[in-house]
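K.L.:
Got a predicted model here, sequence first, then my questions.
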Amino acid sequence: MTTHIVAIDQGTTSTRAVVVDRAGRIVSVGQHPHEQIFPQAGWVEHDPLEIWTNTQEVIGQALGKASLTRHDVAAIGITNQRETAVIWERATGKPVYNAIVWQDTRTQDAVDALAAEDEGGVRRFAGITGLPLATYFSATKIGWILDNVEGARARAEAGELAFGTIDTWLLWNLTGGPDGGVHATDVTNASRTLLLDLATLDWSDELLAAFRVPRALLPEVRSSSEVYGVARSSSLLREVPVAGILGDQQAATFGQAAFEAGASKNTYGTGNFLIVNTGENIVHSDAGLLTTVAYRLGDEPARYALEGSVAVSGSLVQWLRDNLGLLSTSAEVETLAASVPDNGGAYIVPAFSGLFAPYWRPDARGAIVGLTRFITKAHLARAALEATAFQTREVLDVAQEEAPAPITELRVDGGMTANELLMQFQADITGLPVVRPEIIETTALGAAYAAGLAVGFWSSRDELTSLWQEGRRWEPQMPADERERRLRVWKKAVTRTLDWVDLDTK
């Protein structure tokens with residue numbers, strides 16, 4: 001009898017395999033980091049073959065720790081870093097170029113040119129796809145590879161190449177690769193490419209023409225919960241159905257059991273992402289939020305969401321550790337930050353790739369302001385944590401205006417929620433209770449839930465809702481006048497980052 005689900009959680013910095021039991025508990029985890037490749041300023045790449053190799057390795061780790069075999073596994077779910085673009089040869093499985101990561105900004109000139117062609121500017125295609133024109137999404141990354149790898153465009157038009165976000169790359173390899181691998185993606189990942197029509201849930205001919213992307217290159221768009229095929233390339237999971245795919249933020253929302261309109265969550269990872277479910281209604285934002293697909297189960301109508309995307313949160317702590325050498329490990333940031341009572345007047349605005357929601361300003365660059373001789377590395381550590389909370393507050397303010405129901409508490413998940421100093425400051429600066437579930441690995445949990453529903457491992461969303469348990473709650477303690485003062489200073493700091501990128505700084 002099958003007793004578990006395996007979720008593959010392929011993130012920006014590492015790949016994990018997570019074994020989940022019928023009670024929604026994490027039984028075991030295998031994890032392996034992959035290289036972050038920075039060929040030049042603004043360029044961020046991953047090696048797709050390294051990611052596939054690591055995926056196979058972590059599956060073995062997770063099954064071994066749990067003393068399970070493929071016969072114990074009912075299904076495989078996949079969740080992934082979204083927007084990251086991979087193009088490979090169908091005949092060999094060899095990528096024609098490294099994966100271009102969602103953080104990469106090399107295509108800004110292409111984005112600017114597309115925006116300049118139409119009076120809608122960066123909102124030119126927002127009515128179709130729910131997204132502004134930005135380097136964040138996949139479409140211009142695809143174009144860059146086709147135009148910069150010799151022969152790639154002609155080969156793509158001839159059907160010799162395949163494109164996918166990382167979910168598609170893993171699904172294709174798991175189900176056979178060159179030997180009959182399934183070339184498909186789910187609606188949530190497709191909705192992050194700038195190529196999907198939200199109303200039809202299919203690739204838009206208008207967008208394909210605008211971005212010069214051949215339809216022959218693209219995967220089939222399917223639901224988030226169905227059997228796509230069975231594993232063939234991984235002997236450890238051979239013949240196990242691959243039955244769930246969700247982009248990482250949608251997976252975290254699903255793992256939080258935020259299934260209905262008005263439900264929301266905020267995930268703290270490499271970046272920071274607030275998602276508010278809008279049900280079957282496509283709600284377009286007037287203030288900088290993205291419209292995206294939340295999930296689709298089988299033949300049911302799709303559920304949509306508003307999303308506030310923050311590019312840099314956990315990666316700011318990594319920057320303090322790796323680039324500045326202020327920390328030996330990321331976990332040290334809480335102890336260091338807690339050694340001072342406040343930020344000493346220093347603010348960090350981590351606009352490393354410009355500012356995402358609610359500003360969408362690619363011309364911004366990171367800044368540390370308010371520096372005096374008084375400032376120590378402890379103050380910078382505290383300012384780094386506070387930057388995550390301030391960015392969340394700004395996104396939340398917009399969401400409160402546009403969500404279908406008031407947000408009365410902030411449900412949180414992701415690795416940074418283990419940082420209790422950050423969680424308390426988050427409650428203080430938003431003025432809302434912050435609630436962390438008992439199981440914070442909600443991204444993997446969401447992928448497991450989607451796969452389990454497809455094969456009858458769980459019977460319904462109601463059953464999944466009953467599995468959610470509150471783990472910890474933080475109540476706001478900061479006086480309202482102090483909260484608003486700090487927010488005013490933060491906004492002033494943000495203005496110092498704008499208009500930095502120009503002809504002199506490119």
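P.N.:
Perfect, thanks for sending it.
K.L.:
Contacts only, for the closest residue to Thr193 other than its chain neighbours.
P.N.:
Spatially, and ignoring its direct neighbours in sequence, Thr193 is nearest to Ser138 (4.0 Å; CB to CB, 6 or more residues apart in numbering). Glycine gets a C-beta too; all of them are placed from N, C-alpha and C. By CB atoms under 8 Å, 6 or more residues apart in numbering, the residues touching Ser138 are 83-85, 165, 192-195.
K.L.:
Turn those residues into CSV, columns for pLDDT and secondary structure.
P.N.:
Formatted as CSV, the contacts of Ser138 follow (pLDDT from 0 to 100; DSSP: H, G, I helix; E, B strand; the rest coil):
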residue, pLDDT, secondary structure
Glu83, 94, coil
Thr84, 97, coil
Ala85, 97, strand
Thr165, 98, coil
Arg192, 96, coil
Thr193, 97, coil
Leu194, 96, coil
Leu195, 97, coil
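K.L.:
Output the residues you listed in TSV; the columns should cover neighbour count.
P.N.:
What follows is those, written out as TSV (neighbours: other CB atoms under 10 Å):
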residue	neighbour count
Glu83	26
Thr84	28
Ala85	26
Thr165	29
Arg192	29
Thr193	27
Leu194	29
Leu195	28
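K.L.:
what's the farthest-apart pair in the residues you listed?
P.N.:
Spanning the widest gap among the contacts of Ser138 are Thr84 and Leu195, at 14.6 Å by CB to CB.
K.L.:
and the strand or helix carrying Val489, which residues are buried?
P.N.:
Secondary-structure assignment from DSSP states H and E places Val489 in helix 480-495. For helix 480-495, a neighbour-count test (16 or more other CB atoms under 10 Å) marks 483, 486-487, 489-490, 493-494 as buried.
K.L.:
now do stretch 421-440
P.N.:
The neighbour-count check on stretch 421-440 (16+ other CB under 10 Å) flags 421-430, 432, 434-437, 439-440 as buried.
K.L.:
Check stretch 109-116 too.
P.N.:
For stretch 109-116, by 16+ other CB under 10 Å, it's 110-111, 114-115.
K.L.:
of all those residues, which comes closest to Pro178?
P.N.:
Nearest member of the buried residues of stretch 109-116 to Pro178, counting by CB to CB, is Ala110, at 31.0 Å.
K.L.:
can you pull the contacts of the residue nearest to the closest one when sequence neighbours are not counted?
P.N.:
In space, and not counting its chain neighbours, Ala110 is closest to Thr140: 4.7 Å by CB to CB, 6+ apart. Counting by CB under 8 Å, 6+ apart, Thr140 touches 107, 110-111, 114, 194, 211.
K.L.:
give me that answer again for 7 Å
P.N.:
107, 110-111, 211 (CB atoms under 7 Å, 6 or more residues apart in numbering).
K.L.:
What of Ala294?
P.N.:
With contact set as CB under 7 Å, 6+ apart, Ala294 has these partners: 250, 253, 275, 277, 303-305.
K.L.:
Could I have the ChimeraX command that selects the buried members from those?
P.N.:
The ChimeraX selection below is limited to those of the contacts of Ala294 classed as buried (16+ other CB under 10 Å):
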select :250,253,275,277,303,304,305
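K.L.:
Which of the contacts of Ala294 sits closest to Tyr347?
P.N.:
Nearest member of these to Tyr347, counting by CB to CB, is Ile275, at 26.4 Å.
K.L.:
what ranges of this structure fall below the confidence cut-off?
P.N.:
Filtered on pLDDT under 70, the chain yields the residue ranges 234, 503, 506.
K.L.:
Mind giving me the packing neighbours of the lengthiest helix in it?
P.N.:
For the chain, the helix that runs over the most residues, judged by DSSP state H, is helix 377-402. Applying 3 or more CB pairs under 7 Å, 6 or more residues apart in numbering; DSSP states H and E, one finds that helix 377-402 makes contact with strand 272-279, strand 303-310, helix 314-322, helix 332-338, strand 347-349, helix 420-430.
K.L.:
got a list of contacts for the helix or strand following it?
P.N.:
Heading C-terminal from helix 377-402, the first helix or strand you meet, by DSSP H and E, is strand 410-413. Residues outside strand 410-413 that contact it (CB under 7 Å, 6+ apart) are 252, 256, 264-268, 423, 430, 432, 434-437, 440, 442.
K.L.:
can you tell me which of those residues are in strands?
P.N.:
Taking DSSP state E as the definition of strands, the contacts of strand 410-413 contribute 264-268, 434-437.
K.L.:
Which single one of those is nearest to Pro33?
P.N.:
Tyr268 (18.3 Å).
K.L.:
Beta-bridge partners for that closest one, please?
P.N.:
The partner list for Tyr268 in beta bridges (DSSP bridges) reads Asn272.
K.L.:
My guess is it contacts Thr417. True?
P.N.:
Yes. Counting by CB atoms under 7 Å, Tyr268 sits close enough to Thr417 to count as a contact (5.7 Å).
K.L.:
who's more crowded, those two?
P.N.:
Tyr268 (26 against 23; other CB atoms under 10 Å).
K.L.:
quick one, what contacts that one?
P.N.:
Tyr268 neighbours (CB under 7 Å, 6+ apart): 313-314, 388, 412, 414-417.
K.L.:
How about Ser330?
P.N.:
Ser330 neighbours (CB under 7 Å, 6+ apart): 317-318, 321.
K.L.:
No more questions from me, cheers.
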